[in-house]
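*Asks:* Could you look at this predicted model? Sequence included:
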Amino acid sequence: MGEETSTPLGAEESTAALFSLAVTAECKGRDFYAELWRRFEDVPAVAEFWKELRDDEVEHAQTLEGVCDSLAPEQLSEPVDRAMLTRLRTTVGLLSEARRQSIRTLDDAYELAHEFENSEINAVFVFLTNRFVGSTTRKTFYVSEIEHHQGKLVHFTERFGGPEWRRSIPAHPAGSCHKSDC
């Protein structure tokens, strides 16, 4: 790590804080994809796609919690790169209420999901699992899971349609009553 982590840092800049923020980001992703699942329920295959991404985020959060729970207190108190924490905080902010409210079409949803998945979130997941998981086999598995997860979004256009088609699919308003809720 860089020079900026060579001085003693508070608990807010520890490995435990990084795990906590990473889990928070995964949970934000879970909630975002659950919302998209509901907002696009009129297109069942697309709704199922968002549900799959939601399920992936649940698994990612559980993985990070499990890795964190396996660490010794000394490991959890180790300082982390401030820049990584800052980038991850920015990632958490990507899925703000205002950004989610601005989704009017499937293309808007896709673009925000793409921005989220290409943010710091997956890099931090890979960093934490590579740094703190002892088994090479498990590290490889976790990295392949992230690559598979990102690949789902990468192949969205092939599977469903391009930007023009995505723009033609309206989103239910955030917080509106849906068939599954009524």
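*Replies:* Happy to help now that I have it. Numbers count the residues shown, from 1 in each chain.

*Asks:* remind me which residues of the chain are low pLDDT?
*Replies:* Residue ranges of the chain with pLDDT under 70: 1-11, 176-182.

*Asks:* Could you pull out the helices in it for me?
*Replies:* Applying DSSP state H to the chain gives helices spanning 15-39, 44-69, 73-76, 82-94, 97-101, 106-117, 120-132, 136-154, 156-159, 163-167.

*Asks:* Would you indicate which residues of the longest one are buried?
*Replies:* Just to be clear, that refers to helix 44-69. Buried residues in helix 44-69, counted by 16 or more other CB atoms under 10 Å: 46-47, 49-51, 53-54, 56-57, 60-61, 63-64, 67-68. C-beta coordinates here come from the backbone N, C-alpha and C atoms, glycine included.

*Asks:* Closest one of those residues to P170?
*Replies:* Nearest to P170 among the buried residues of helix 44-69 is V46, at 11.8 Å by CB to CB.

*Asks:* if I look at the closest residue to the closest one other than its chain neighbours, how far off is V58?
*Replies:* Spatial nearest neighbour of V46, excluding adjacent residues (CB to CB, 6 or more residues apart in numbering): F40 at 4.7 Å. Counting by CB to CB, to the nearest Å, the separation of F40 from V58 is 19 Å.

*Asks:* if we can go back for a sec, can you add distance to P173 and give the helices of the chain back as CSV?
*Replies:* Output for the helices of the chain, formatted as CSV (distance: least, CB to CB, whole Å):
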stretch, distance to P173
helix 15-39, 8
helix 44-69, 16
helix 73-76, 42
helix 82-94, 20
helix 97-101, 8
helix 106-117, 12
helix 120-132, 26
helix 136-154, 23
helix 156-159, 22
helix 163-167, 17
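
*Asks:* Which of those has the highest mean neighbour count?
*Replies:* helix 15-39 (a mean of 21; mean count of other CB atoms under 10 Å).
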